[in-house]
Structures are given as C-alpha cells and as structure tokens.
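Colleague: Return atomic coordinates for the entry below.
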Amino acid sequence: MSDSPGRASWGRRVRAVVPGLVAAGAAVGLSVLAHLGLPALPVMTLCVALGALAGNVLRAPVRAGHPLRRAESALRPGLSFAGRTLMRAGIVLLGLALVPADLAALGFDGVAVVAAAVGAAFVGTWAAARLFRLPGDEPVLLAAGFSICGASAIGAMSQARGTTRDASTPIALVTLCGTLSIAVLPLLAGWLGLGPLTFGYWAGAAVHDVGQVVATAQTAGAAALAAAVVVKLVRVLTLAPVTTVGAWTARRRAARHGTDGARQPGRRAPLVPLFVIGFALMVAARATGLVAPEALALAHLAQEALLGAALFGLGFAIDLRALFASASRSTGAALVAWAWIALLGLGVAAILSNGSFMV
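Modeller: Next up, the predicted model:
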C-alpha cells in the first residue's frame, strides 16, 4: 500500500505524455509519407516544420479556455518529453551510423581537414550570432547546428548545457538555411563547373542536417552522394567532443554566477552528458564489426523515429511571432553563417578533391 501514491503519480505522468507522443508519432509518419512523395524534402526538416505549424496554430487563440489552447496544453508535456528524452535516445543511436571504414577512406589528413573546418564553422557562426546580438545561449546553439548536424546538434547541445528554452530560434534558422542549401548549392555547382566528387565533398562539408546533405548531393549522382555522406559522418563524429566542451563551459559559467541555467537549484550540468557517453559507446560498438546488419537496420529506423519525434517536439516550441519580431537580427546572423560555412565547405572540397583522398 505504501507504494500506491508513487505508482499513482507515475501513472499520471505517463498519461500526461501520451497525447504529445501520439501526435509526434503521427507527425513522423506524415513526414515520411511526404518525403516518399517529394524526396527532395528531408524527413527531419518536415518534422520541424510540422511542429512549428502545429504549435503556432494551437497557440493562436488568446483566450486560455479556447479548445485549441486546451489541445496545446494537453500536447505540451509529451512533446517536451520528446524534445528532451527522445532526442537523447536518438543521438545515442546516431553513433551506430558512423562507419569506421568510410571514415578511414578519407585518411587521417582528410579527417583532420574536415574537423578543422567544423571548428572554424563553429567559431565563425558563434561570432556572427554575437555580432547580431542574439540572446542567451542562441549563439552557441546556432554554432552547433550550423557546424555539425543541424537541428539534431542543437538539441544535443541544448541538452548538454541545460538551456532548451533557447533552442527554438536556432532550430528554425538552421532548418531554413539547410533547405536553402538544397536549392542553391546545385545551382552554384553548375555555375562553378564542379565535378560530382567535388560537389559531393562540398555538400557534405557545407549543408547542415544529414537528410539535407543527402537531398542536396543526390542531385549530382551516386559518386557525389557517397562523397557527401563520408564528409558528413566526420562532422557528426565531432558531436561528442563539442557537446562535452559545451557542457563544461556551461558548468563553469554556472559556478561563476552561482546558478545552473534552466536546471533545478542545487543541480549541476554533468561534465560529460550521459547521452554523449552513449553516443561514443555506439560508435565503438559499430567499430568492432560485431553488430549484426539486421540490428543496424532496426537501429537506423529507431534513430529516425526518435529524432523525428524529438524535432517535432522542438519545432512545436518555435514561436513564429517572436522569430519574426527579431527577424532582421536572427536572419542576418544565419545568412552570414550560411555563407561562411559554404565558403569553408568549398575550400574543404577543393582540398579533398586535389589531395590523395579516396571514397
């Protein structure tokens, strides 16, 4: 009998998250169907867009008792859970996508070139966001998204730093600019006269989200797609060290100011977040070659579903009115960062194409 209150409380928490999780699952299903009809639209981008659309429609009525506002309140706990817990689980499984043989194909020098470009992209994006006076942790989150792997990296960095409240604007910006890359980079490649391999390297080094990389590179054929995926995997590999550094700096800032950001009083951000350790363990597991192909296929499906649901939840928190209110500053920072990373990526593509790097 003594456990009954605890079980009842646990049951209430489960019931509270069910509506949001069902909505997130439905959004992932719709995004997959839309992607099958229009392959140029990545699933993750569609999940963010659907989340932003749903959130802003349900929040539109001013009156708190309006049916749409009640629906928004019912969905919020589950979507917050998705954006937090399912994001962490999806990032862990993302480690299984890193194929050591593909990374070895670039060689040590090629990996070093891409990693250095990630560092330069991060610093340049952070500086642009600071120059345009983006508030809070938005500069760090925007830098993570633009330099590593789009909205997934923003979610991972926000979890590591405990500042999920600042993630909505960077997610909207990285989604918009990644979609811009799908349209613009192939046109620029034709104007510059880039071959398929060079264009693939460029897409892998310059486009943000993994799905957006695939959508961009596949326009130039299989060779371009293979080159893009290899370079993108190197960028994804930097997620663990970059988020660890992000958690460490947040911890130091909290110690200086006697606070811990959005966390509860008395709790500190872990030096190495558990989901980052899980990501590293999955990378190591894939490197052993002992994970069965069937398990890898299931893990990939689970990763896509978890990240899609998480990004729908994060997109649900995007306030388009607030985003438009600061459109000049936020859009300016994003476009400067997008141009900077496109130039960096072109440099990486030139180096990889002219060096002794093979895919």
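Colleague: can we go C-alpha only for contacts and neighbour counts from here?
Modeller: Noted.
Colleague: Could you check how far V291 is from E304?
Modeller: Using Cα to Cα, to the nearest Å, V291 is found at 18 Å from E304.
Colleague: With neighbour numbers in mind, choose between the two.
Modeller: Neighbours of V291 and E304, each counted by other Cα atoms under 10 Å, are more numerous for E304; the result is 20 against 13.
Colleague: Any chance of the backbone angles for V99?
Modeller: Backbone torsions of V99, given as degrees, to the nearest 10, read phi -100, psi 110.
Colleague: Oh, that last question was meant for I318, not what I typed.
Modeller: Dihedral angles for I318 - degrees, to the nearest 10 - are phi -70, psi 120.
Colleague: mind checking how far it is from G51?
Modeller: For I318 relative to G51 (Cα to Cα), the value is 8 Å.
Colleague: Also L233?
Modeller: As judged by Cα to Cα, L233 and G51 stand 26 Å apart.
Colleague: repeat for R69
Modeller: For R69, the distance to G51 - Cα to Cα - is 15 Å.
Colleague: Repeat that for G150.
Modeller: 16 Å.
Colleague: For the two, indicate the residue with more neighbours.
Modeller: G150 (30 against 26).
Colleague: distance between the strand or helix carrying Q159 and the chain's centre?
Modeller: Remark: Q159 resides in helix 150-161, with elements defined by DSSP states H and E. Chain-centre distance of helix 150-161: 6 Å, with Cα atoms, centre = their mean, to the nearest Å.
Colleague: Export only the CA atoms of it, formatted as PDB.
Modeller: The C-alpha coordinates for helix 150-161 follow below in PDB (Å, rounded to 0.1, in the frame of the first residue of the first chain):
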ATOM      1  CA  GLY A 150      21.600  20.800 -37.900                       C
ATOM      2  CA  ALA A 151      18.700  20.600 -35.500                       C
ATOM      3  CA  SER A 152      19.900  17.300 -34.000                       C
ATOM      4  CA  ALA A 153      23.100  19.000 -32.900                       C
ATOM      5  CA  ILE A 154      21.200  22.000 -31.500                       C
ATOM      6  CA  GLY A 155      19.000  19.600 -29.500                       C
ATOM      7  CA  ALA A 156      22.100  17.800 -28.200                       C
ATOM      8  CA  MET A 157      23.900  21.000 -27.300                       C
ATOM      9  CA  SER A 158      20.900  22.400 -25.500                       C
ATOM     10  CA  GLN A 159      20.500  19.200 -23.500                       C
ATOM     11  CA  ALA A 160      24.200  19.200 -22.600                       C
ATOM     12  CA  ARG A 161      24.000  22.900 -21.500                       C
END
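Colleague: what comes up buried for the helix or strand following that helix?
Modeller: Counting by DSSP H and E, the next helix or strand C-terminal to helix 150-161 is helix 168-192. Neighbour-count burial for helix 168-192 flags 168-179, 181-182, 185-186, 189 (criterion: 16 or more other Cα atoms under 10 Å).
Colleague: Check which helices and strands helix 168-192 sits against.
Modeller: Here helix 168-192 touches helix 43-58, helix 138-144, helix 150-161, helix 210-217, helix 293-316, helix 327-354, going by 3 or more Cα pairs under 8 Å, 6 or more residues apart in numbering; DSSP states H and E.
Colleague: nearest to A116, of these?
Modeller: Ranking the helices and strands packed on helix 168-192 by their distance to A116 (criterion: Cα to Cα) puts helix 327-354 first, at 9.5 Å.
Colleague: what residue ranges in this protein score low on pLDDT?
Modeller: Where the chain drops to pLDDT under 70, the residues are 1-8, 61-64, 257-271, 326, 355-359.
Colleague: now for the helices and strands packed on helix 168-192, which one comes closest to L106?
Modeller: L106 lies closest to helix 327-354 among these, at 8.3 Å (Cα to Cα).
Colleague: Report the central residue of the protein.
Modeller: Geometric centre of the chain, nearest residue: S152, 1.8 Å, by Cα atoms, centre = their mean.
Colleague: Surely that one and A309 touch.
Modeller: No. Taking contacts as Cα atoms under 8 Å, S152 lies outside contact range of A309: 11.3 Å.
Colleague: what about L290, which SS state?
Modeller: When classified by DSSP: H, G, I helix; E, B strand; the rest coil, L290 comes out as coil.
Colleague: ditto for A40
Modeller: Three-state call for A40 (three-state DSSP): coil.
Colleague: Can you give the contact residues for stretch 187-205?
Modeller: 114, 117, 185, 213, 216-217, 220-221, 223-232, 235, 342, 344-346, 348-350, 352-353 (Cα atoms under 8 Å, 6 or more residues apart in numbering).
Colleague: meant to ask about stretch 152-166
Modeller: Against stretch 152-166 from outside (Cα under 8 Å, 6+ apart): 83-84, 87-88, 91, 136-138, 141-142, 144-145, 167, 170-171, 209, 239, 243-244, 246-247, 250-251, 261-263, 269-270, 272-273, 307, 311, 314.
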